[in-house]
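> coords please:
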Amino acid sequence: AKLEAGTDVSEVLDLILEGIYCRIGMDRAVFALLSPNRRFLRAKSARGSATYYLMNKFKFEVDPQKPNIFHFVIESQSALWVPDRNAGAIKKLIPESVHIVIGDSPFFIAPTLVDGKPIGIFYADRHDSGRELEHEEYESFKQFAIQADLALAHLDKAQEKSNGSAQKS
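Next comes the predicted model:
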């Protein structure tokens, strides 16, 4: 935690995203951040194919009046593996606006929390290769998300300490 706090957070999230993309072997991985007013979710970084596309198009409203898969994961604060998006309950959570951007392939999604409060999500799929997603990979994906939460909590505390000592002097 020698770097500035801002750099740390982005670096940590980038490392986690890189891990999800490379270690689990996904075609696409995205970290998306909630806007300050918590009404929108927008790609902050992406790995894999169509990165430019995802960075531009991965922007969704997070509105309880118009529930979608992202709102659901943020509210429930739990990870989700969607093997079949046409399953009844899931289908309702993937409106056309979301479907256009993420396509038809199965995917993993998990919230990122700081102090028990969601700040964004990790999303990953195998959109291009169409390879199956396995249970073991889902477990790894969830572990990466948990690592992100732990690292962010640690950074948060480090930041509070340095802010505290700055105020005293």
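
> now residue 104: how far from residue 130?
9 Å (Cβ to Cβ, to the nearest Å). All C-beta spots, glycine's among them, are computed from the backbone N, C-alpha and C.

> which residue ranges form the strands in the protein?
28-34, 40-48, 59-61, 80-82, 107-114, 117-125 (DSSP state E).

> to residue 143, which of these lies closest?
The minimum distance between residue 143 and the strands of the chain falls on strand 107-114, with 9.9 Å, by Cβ to Cβ.

> I'd like to know which elements that closest one is packed against.
With contacts taken as 3 or more Cβ pairs under 8 Å, 6 or more residues apart in numbering; DSSP states H and E, strand 107-114 sits against helix 69-76, strand 80-82, strand 117-125, helix 135-168.

> now it: buried residues?
For strand 107-114, burial by neighbour count (16 or more other Cβ atoms under 10 Å) applies to 107, 108, 109, 110, 111, 112, 113.

> who touches it?
Contact with strand 107-114 is made by 13, 26, 31, 69-70, 73-74, 77-82, 118-125, 133, 137-138, 141-142, 145, 148-149, 152-153, 156, as judged by Cβ atoms under 8 Å, 6 or more residues apart in numbering.

> which of those are buried?
Of the contacts of strand 107-114, these count as buried by 16+ other Cβ under 10 Å: 13, 26, 31, 69-70, 73-74, 79-82, 118-125, 133, 137-138, 141-142, 145, 148-149, 152.

> count of neighbours near residue 162?
13 (other Cβ atoms under 10 Å).

> how much space separates it from residue 41?
29 Å.

> who's in contact with residue 80?
69, 72, 73, 108, 109, 110.

> identify the farthest-apart pair in those.
72 and 108 (14.0 Å).

> for residue 41, see how far away residue 83 is.
Distance from residue 83 to residue 41, by Cβ to Cβ: 22 Å.

> give the contact list for the closest residue to residue 98 other than its chain neighbours.
The shortest distance from residue 98 to any non-neighbouring residue, by Cβ to Cβ, 6 or more residues apart in numbering, is to residue 68 (5.5 Å). Contacts here follow Cβ under 8 Å, 6+ apart; on that basis residue 68 touches 60, 61, 62, 93, 94, 95, 97, 98.

> quickly list what the residue most central in space within the chain is bridged to.
Nearest residue to the geometric centre of the chain (Cα atoms, centre = their mean): residue 122, 1.8 Å. With DSSP bridges applied, residue 122 shows beta-bridge pairing to residue 31, residue 110.

> my guess is it meets residue 144, correct?
Yes: at 7.1 Å, residue 122 and residue 144 qualify as touching, with contact defined as Cβ atoms under 8 Å.

> what residues are shared contacts of these two?
Joint contacts of residue 122 and residue 144 (Cβ under 8 Å, 6+ apart) are 16, 20.
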